[in-house]
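[1] when you get a sec, could you give me coordinates for this:
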Amino acid sequence: MKKLLLLIALIGLSYTTSIAQNQNKPQSIIFETDMGNDIDDALALDILFKNMDQGNIKLLGVGVHKNNPYSAEYIDIMRHWYGYKKTPIGVNTACVTDMDCVDYCTKTCLMKDKDGNPLFKRSKNPKYEEAVEMYRRILSKQPDKSVVIVTVGFSTTIAQLLQSKPDKYSKLSGMELVKQKVSWFSVMAGDMDRPTYAEYNVWNDLEAAKYFFDNSPCPIVLTPFTIGLQIEYPASSIENDFNWEEPNPMAEAYKHYAKMPYNRPTWDVTAAYYACHPDHKCFTLNGPVDVKVVGKGQTPKSANPNGNFHYLTATPEQQKQILDYFIRTLSTKPLRMK
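    From the prediction side, this is the model:
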């Protein structure tokens, strides 16, 4: 029994060490999003750019798997507005969604100023990479175990990356490349509290989610549906905290997503925040566990000291701390405006 307890302790120590942020240099992150499906993607990207401003992270690239040209264009606007116009954008056209009932990306991209010109700057002739190729190019250049991939949409691109073949960037297969270069995944998906609930990011590309969950060569930290639901970003902040000298594309997108005023859960924002600050005490890290994708997209968990998954929860007090961080960080002017 003592040997077993020691083994479990060592496994837990190894796991938490693998997801601990290197405090001596910015954490390298790739962001994978279905930008345009829900407004929390825009808030998550804002959080990442603000952490770039603060020197906490280096955003290596943004992958988008929504088959709508305005999704990539909106990300292009965001990178220009925050002063990071060279951040690569990779587009996956072999994805499962295109237009939604409300598309804030389209509406924000089409906004005009008083003279009829586009309200927000963007690339004149943008050249977006193919998403998997972008991942392989970026990862091939990184130190081993140095990258955190934050994925807040479907598993489409990640599954394709894991199944990719050697190419001009690396002789490694996708599975080998990810295992060598990626430290861990921060993933908004699943529901740990309701094992019969099929969560949106899982069931939209069920086969990709199954493949990713079953075959990931790196640890996965899940930000489940419940924690985002518990922490709602307030409309009052959008209405009162962004009255700056120039319009903010995140705040304008928020206003386009639904009729104001409305509060919105912060599902994707929590996954981005945790990737930037796994050392913060605002979350409770649970696990390790096993998580399987079953049925129509349910994600039941089971205890396993060798499991590849952890998942986040937050007490009421922690929820207040997280929301305070969101409001404080999102409402801070970007570095280029100071």
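[2] burial of Phe326, as a residue count?
    Per other CB atoms under 10 Å, the neighbour tally for Phe326 reads 22. The way it works is simple: take the backbone N, C-alpha and C, and place the C-beta from them, glycine included.
[3] that one contacts Gly228, correct?
    No. Using CB atoms under 8 Å, Phe326 is not in contact with Gly228, being 11.1 Å away.
[4] name the element Asp61 belongs to?
    Check again: residue 61 is Gly, not Asp. If you go by DSSP states H and E, Gly61 is part of strand 57-64.
[5] which residues touch the helix or strand following that strand?
    Scanning forward in sequence from strand 57-64 by DSSP H and E, the next helix or strand is helix 69-81. Contact with helix 69-81 is made by 33-36, 42, 45-46, 49, 62, 64, 85-87, 89, 91, 103-106, 108-109, 120-123, 126, 128, 248-250, 253, 334, as judged by CB atoms under 8 Å, 6 or more residues apart in numbering.
[6] 7 Å - rerun?
    35-36, 45, 62, 64, 85, 87, 89, 91, 103, 105-106, 108-109, 120-123, 126, 128, 249 (CB atoms under 7 Å, 6 or more residues apart in numbering).
[7] which ones among these map onto strands?
    Counted as lying in strands by DSSP state E, out of the contacts of helix 69-81, are Val62, Val64, Ile89, Val91.
[8] what number of residues lie near the second one?
    When neighbours are defined as other CB under 10 Å, Val64 has 27 of them.
[9] same question, the third one
    For Ile89, the number of neighbouring residues by other CB under 10 Å comes to 22.
[10] quick check: phi and psi at Thr223.
    Main-chain torsions, Thr223, degrees, to the nearest 10: phi -100, psi 100.
[11] surely it is in contact with Ala272?
    No. Here Thr223 does not reach Ala272: they are 9.0 Å apart, not a contact under CB atoms under 7 Å.
[12] shaky segments in the protein?
    The chain contains residues with pLDDT under 70 at 1-23, 96-102, 338.
[13] so where do the strands sit in it?
    Assigned by DSSP E, the strands in the chain fall at 27-33, 57-64, 89-91, 129-130, 147-151, 182-188, 220-223, 232-233, 264-265, 284-291, 301-303, 309-313.
[14] can you list the strands that the third one pairs with?
    Using DSSP bridges, the neighbouring strands of strand 89-91 in the sheet come out as strand 57-64 (parallel), strand 129-130 (parallel).
[15] identify whichever of those strands lies nearest to Leu312.
    strand 57-64 (18.2 Å; CB to CB).
[16] check contacts around Gln104.
    I think there's a mix-up here, since residue 104 is Tyr and not Gln. Gly36, Ile39, Ala253, His256, Tyr257.
[17] on that earlier part again, for PyMOL, write the select line for the buried members of the contacts of helix 69-81.
    Only the buried entries of these go into this PyMOL selection, using 16 or more other CB atoms under 10 Å:
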select buried, resi 35+36+45+62+64+87+89+91+103+105+106+108+109+120+122+128+249
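[18] inside helices: which ones of the contacts of helix 69-81?
    Members of the contacts of helix 69-81 lying in helices (criterion: DSSP state H): Leu45, Cys105, Thr106, Thr108, Cys109, Pro249.
[19] brilliant, that's me finished.
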